[in-house]
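Novice: A structural model of the following input is requested.
(chains A, B, C and D)
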2 protein chains.
Amino acid sequence: MVEDKMCGHHCHEGSKACISFVPIFNHLESEQMEEIMSTVQSHSYKKGEIIYHAGEESDSLYIVNNGKIRIYRLSEAGKEQLVRILKTGDFTGELALFQNGVHESFAEAIVDTEVCIIKRADLQEFLLKYPSISLKILSEFSNRLEQSEKQTTRFATEKVETRIALFLAECIENNEGLTEFILPMSRKDLASYLGTTPETISRRLSVLEERGYIKQKPQKVIEVLDLDGLLLI
Amino acid sequence: MVEDKMCGHHCHEGSKACISFVPIFNHLESEQMEEIMSTVQSHSYKKGEIIYHAGEESDSLYIVNNGKIRIYRLSEAGKEQLVRILKTGDFTGELALFQNGVHESFAEAIVDTEVCIIKRADLQEFLLKYPSISLKILSEFSNRLEQSEKQTTRFATEKVETRIALFLAECIENNEGLTEFILPMSRKDLASYLGTTPETISRRLSVLEERGYIKQKPQKVIEVLDLDGLLLI
DNA sequence: CGACAGGTTGACCGTTATCAAAGATCGTGG
DNA sequence: CCACGATCTTTGATAACGGTCAACCTGTCG
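Specialist: Purely as a prediction, here's the structure:
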């Protein structure tokens, strides 16, 4: 894993050093980095622990130092949807920071996880002092907004089979030419992420395999045999 | 309409004045406003005209001076989804500004519409010069992101009937105690927005009416008789 | 007044959710 | 290191939800 390489040297000595890898901050001078790092707190969560939950007041930005975090929401009717999975270098909690200060989603550590925490007041100070950070965050927000709207459109217009196919295609496209990839989550979580059920995931993957688009291998590995075919479904 | 009142005095004299009502800018000193307004261009579109389309390069922020704009996306399979409708004071084009510079959605004038245009270079200059604008935009982005993720979760977890009910409930809640409201779009557009078909919209509204939750009146008016009931569907 | 887009209604069928049960996998503690 | 239980996954049978197609209605605008 790339993260291990990136983080291996620094995190275990002083975990705060890791924020220097976060895209939002990685363009800063080292004095500015020092200044920011001096305000950062670090916190560990055990596997399964809830980092924050919807409805909770918040004034912190969480940056994943190492580990994995599941971000999910509950619908009005109480059904769970997986929104995204954070890995090293990703951040969350930002919505509450600039908005009404209340979390709308849940964050749960999937494995033992270490995060860096920046308080709202500190961050706002930095943003006003070093406006270039704002531009980075704006870019990141744009990205997320684009992703989210694309996802919404897929839900609105594509049937489940197509959503699965597009998801697989995206996985393989983020994989530099390889024809295999490891599913980034369980089939149950994938169902939640794609707005369907584990049964349907299982069935549709089988169908895609029968038709020769993919091959399911052990250990969540999927080989894509016909990417173009997938995209035409 | 409130917008008419807000804009009526200013827009017809000098359309640029309208950006002073935009939430992003309305906290600025008047000198700063002057500075920004001096870089703003104004442009008119006839009903039905396309303001920008997906795939087009872009380096402009569009602020609606008066009129209405339909923002929609096409899915991979070519199906259309209505993303939002902009009214006076709303803005669009921001994603391309901070991201890769290419529009992902389409913008079409629903009625004759006048927009103010700010170029990327000008905006970035202002953002670096007056960092508080960034905070405003970040807040607006947070808002949109929150809306979009909520919408995604609804698509992922709720059936069409529930999505319609929640939509009606939101309309009435943004309406300060009134029990009636005017549907902000045609049923065809509403279907596209909610990821369903006009036929289903028509049928479900009839069912909601039969059951006594709502009453459909002429001119796109809907009276909500049982808001609590709607929210329990 | 006529044309045309939008809206409604009906019949039908495909996709996917649901429920149930069996099978595989993973993590844990002995 | 193995065995156990819990959880995830698969498979099957069934039914409901909603999409599609077609026909008809309605209002809106030139």
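Novice: Verify the stated contact: residue A:212 with residue A:225.
Specialist: Yes - using CB atoms under 8 Å as the test, residue A:212 is close enough to residue A:225 to be in contact (6.0 Å). (Each C-beta comes from the backbone N, C-alpha and C, glycine too.)
Novice: higher neighbour count, those two?
Specialist: Using other CB atoms under 10 Å in any protein chain shown, the more surrounded residue of residue A:212 and residue A:225 is residue A:225, with 15 against 10.
Novice: tell me the pLDDT at the more buried one?
Specialist: We have a pLDDT of 94 for residue A:225.
Novice: OK, contacts around it?
Specialist: Residues in contact with residue A:225 (CB atoms under 8 Å, 6 or more residues apart in numbering or on different chains) are A:179, A:212, A:213, A:214, A:215.
Novice: out of those residues, which is most surrounded?
Specialist: residue A:214 (26 neighbours).
Novice: where along chain A do the strands fall?
Specialist: Assigned by DSSP state E, chain A shows strands spanning A:41-45, A:50-52, A:60-66, A:69-74, A:80-86, A:91-92, A:106-109, A:113-119, A:180-182, A:214-217, A:221-224.
Novice: Pick the most deeply packed of those strands.
Specialist: Of all the strands of chain A, strand A:60-66 has the most neighbours on average by mean count of other CB atoms under 10 Å in any protein chain shown, namely a mean of 23.
Novice: Spell out which residues of chain A are next to DNA strand C.
Specialist: Within chain A, the positions adjacent to DNA strand C are A:47, A:159, A:160, A:161, A:195, A:196, A:197, A:199, A:200, A:204, A:218, A:219 by CB under 7 Å from any atom of the strand.
Novice: now do 6 Å
Specialist: Residues of chain A lying close to DNA strand C (CB under 6 Å from any atom of the strand) are A:159, A:160, A:161, A:196, A:197, A:199, A:200, A:218, A:219.
Novice: Need these in CSV (columns: neighbour count).
Specialist: Shown next, in CSV, are the residues of chain A next to DNA strand C (neighbours: other CB atoms under 10 Å in any protein chain shown):
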residue, neighbour count
A:159, 12
A:160, 17
A:161, 15
A:196, 18
A:197, 14
A:199, 10
A:200, 16
A:218, 5
A:219, 6
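Novice: nearest to residue B:104, of those?
Specialist: Within the residues of chain A next to DNA strand C, proximity to residue B:104 (CB to CB) peaks at residue A:159, which comes in at 21.7 Å.
Novice: So what does the closest one have for phi and psi?
Specialist: Residue A:159 adopts backbone torsions of phi -80, psi 170, taken as degrees, to the nearest 10.
Novice: the longest helix in chain A is where?
Specialist: For chain A, the longest helix by residue count, based on DSSP state H, is helix A:131-157.
Novice: How far off centre is it?
Specialist: Averaged C-alpha coordinates place helix A:131-157 at 13 Å from its chain's average position (CA atoms, centre = their mean, to the nearest Å).
Novice: Point out the other elements, helices or strands, that that helix touches.
Specialist: Packing partners of helix A:131-157 (3 or more CB pairs under 8 Å, 6 or more residues apart in numbering or on different chains; DSSP states H and E): helix A:120-129, helix A:160-173, strand B:69-74, strand B:80-86, helix B:94-98, helix B:120-129, helix B:131-157, helix B:187-194.
Novice: How about it and DNA strand D, touching?
Specialist: No - between helix A:131-157 and DNA strand D, judged by CB under 6 Å from any atom of the strand, nothing touches; the nearest distance is 8.7 Å.
Novice: Near DNA strand D, which residues of chain A are found?
Specialist: Looking at DNA strand D, the residues of chain A close enough under CB under 6 Å from any atom of the strand are A:186, A:187, A:188, A:198, A:199, A:201, A:202, A:203, A:206.
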